[in-house]
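Participant: Sequence plus the predicted model coming up.
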Amino acid sequence: MTKGCKYGTHRVIEPKGVLTQAAYKIDNNMDIYSNEILVDVQALNIDSASFTQIEKEAEGDSYKIAEKIMSIVNERGKMQNPVTGSGGMFIGTVSKIGEDLKDIDLKVGDRIASLVSLSLTPLKIEKILNIKKDIDRVEVKAQAILFESAIYAKLPSDMSENLALAALDVAGAPAQTAKLVRPGQSVLILGAAGKSGMLCCYEAMKRVGPTGKVIAMVRKDSQAKELKDWKLCHETIISDATVPMDVLNKTLAANGGKEVDISISCVNIPNTEMSCILPVKDEGIVYFFSMATSFTKAALGAEGIGKDVTMIVGNGYTKDHAAITLEELRESETLRNIFQNRYI
């Protein structure tokens, strides 16, 4: 076996000189290099922003959604939405391990979830078996390659694979929340009714303690009631994240007239940057987990209104993010039941 670059650059077809995420097209030949892992893939969890865009383009037709996904993968060698630039992750069974990786804590037959984006992962789909539009999941007969640098999680034995997949799909968000939020702070979470939003709400409630406040922004009255009933927030606001002044005014009203310390964006639509920035106080933090974010709009928008805030790119990886996220489902029977009922 030939050894490839640990970051996968040996699979870049065009343009040369970039990493696989930035590449337009990569080699998805499933003959592995000596430092790669071959995985038989059963399901793709498409990034929420990506799936929302594809579904809208396909007018909700499952056949057209499947056609679009196949077209992207056949053209690019990976599942990277050309509009959003984002991908998702997969669940599968280890089929083959390159000879240079024999010492890793993984063996053929292990069930794993990838924790690197499909936007950089060589993928070959033989057949799309089912589209689950309500949970952004695509069941497939496919194979994928993990590079030496890739991160993954063995699926736990104390919960179903689909439950673990639903949470691991957004593991970066609650783990980053755990790092950022401190006791006594006020936190605004936009898109709080979705998977990442609820996990962030739960983690923020843990971290702010009795003197802090978690404000959940949602689109519907029913969502606001549910989050309050589930004790996933202190206050709710009902607004549209594309209307920043409305979000600002309602946040101030919910927070005693004060701007918040931190905002966390878990929305899956574009043009929401200013709704995340406006309600945050100077020297506060804006965490953009949403892959629909335009960082040009965020940077220029903050400058334009004279906001001195720290803006954090929604890195899907942070240390121990898989363990932190799965532990939330173990700790909270409420969260576990929500995920069981909604995302499986």
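Facilitator: Here it is on my side, so go on.

Participant: Which elements pack onto the helix or strand hosting Cys276?
Facilitator: Using DSSP states H and E, Cys276 sits within helix 273-277. Other helices and strands packing on helix 273-277, by 3 or more C-beta pairs under 8 Å, 6 or more residues apart in numbering; DSSP states H and E, are helix 244-254, strand 260-265, strand 280-288, helix 295-304. Every C-beta, even on glycine, is put in place using the N, C-alpha and C of the backbone.

Participant: nearest to Leu163, of the ones you listed?
Facilitator: Judged by C-beta to C-beta, the one of these that comes nearest to Leu163 is strand 260-265, at 23.0 Å.

Participant: Show me what that closest one is packed against.
Facilitator: For strand 260-265, the packing partners by 3+ C-beta pairs under 8 Å, 6+ apart come out as helix 172-180, strand 186-190, helix 273-277, strand 280-288.

Participant: switch to 7 Å and redo it
Facilitator: strand 186-190, strand 280-288 (3 or more C-beta pairs under 7 Å, 6 or more residues apart in numbering; DSSP states H and E).

Participant: Run the angle between the first one and strand 260-265 for me.
Facilitator: Read that as strand 186-190. Relative orientation of strand 186-190 and strand 260-265, computed by axes from the mean of the first three to the mean of the last three C-alpha atoms, to 10 degrees: 20 degrees.

Participant: For the helix or strand following strand 186-190, name the packing helices and strands.
Facilitator: Counting by DSSP H and E, the next helix or strand C-terminal to strand 186-190 is helix 195-208. Where contact means 3+ C-beta pairs under 7 Å, 6+ apart, helix 195-208 is packed against helix 172-180, strand 186-190, strand 213-218, helix 321-331, helix 333-342.

Participant: Make a markdown table from those and add mean pLDDT, distance to Tyr152 and mean neighbour count to it.
Facilitator: Output for those, formatted as a markdown table (pLDDT from 0 to 100; distance: least, C-beta to C-beta, whole Å; neighbours: other C-beta atoms under 10 Å):
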| stretch | mean pLDDT | distance to Tyr152 | mean neighbour count |
| --- | --- | --- | --- |
| helix 172-180 | 94 | 14 | 24 |
| strand 186-190 | 98 | 28 | 30 |
| strand 213-218 | 98 | 31 | 27 |
| helix 321-331 | 93 | 9 | 18 |
| helix 333-342 | 93 | 20 | 15 |
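
Participant: Turn the ones you listed into CSV, including distance to Phe288.
Facilitator: Formatted as CSV, these follow (distance: least, C-beta to C-beta, whole Å):
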stretch, distance to Phe288
helix 172-180, 10
strand 186-190, 10
strand 213-218, 14
helix 321-331, 16
helix 333-342, 23
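
Participant: I'd like to know which of those is closest to Tyr63.
Facilitator: Tyr63 lies closest, by C-beta to C-beta, to one member of those: helix 333-342, at 24.5 Å.

Participant: For the stretch 1-150 of the chain, just list every one of the strands.
Facilitator: Taking DSSP state E, counting those that start in this stretch as the test, the strands found in the stretch 1-150 of the chain are 12-14, 25-26, 37-46, 88-97, 111-114, 123-132, 137-146.

Participant: Can you give me the buried ones in the third one?
Facilitator: Think strand 37-46. Neighbour counts over strand 37-46 (16 or more other C-beta atoms under 10 Å) mark Ile37, Leu38, Val39, Val41, Gln42, Ala43, Leu44, Asn45, Ile46 as buried.
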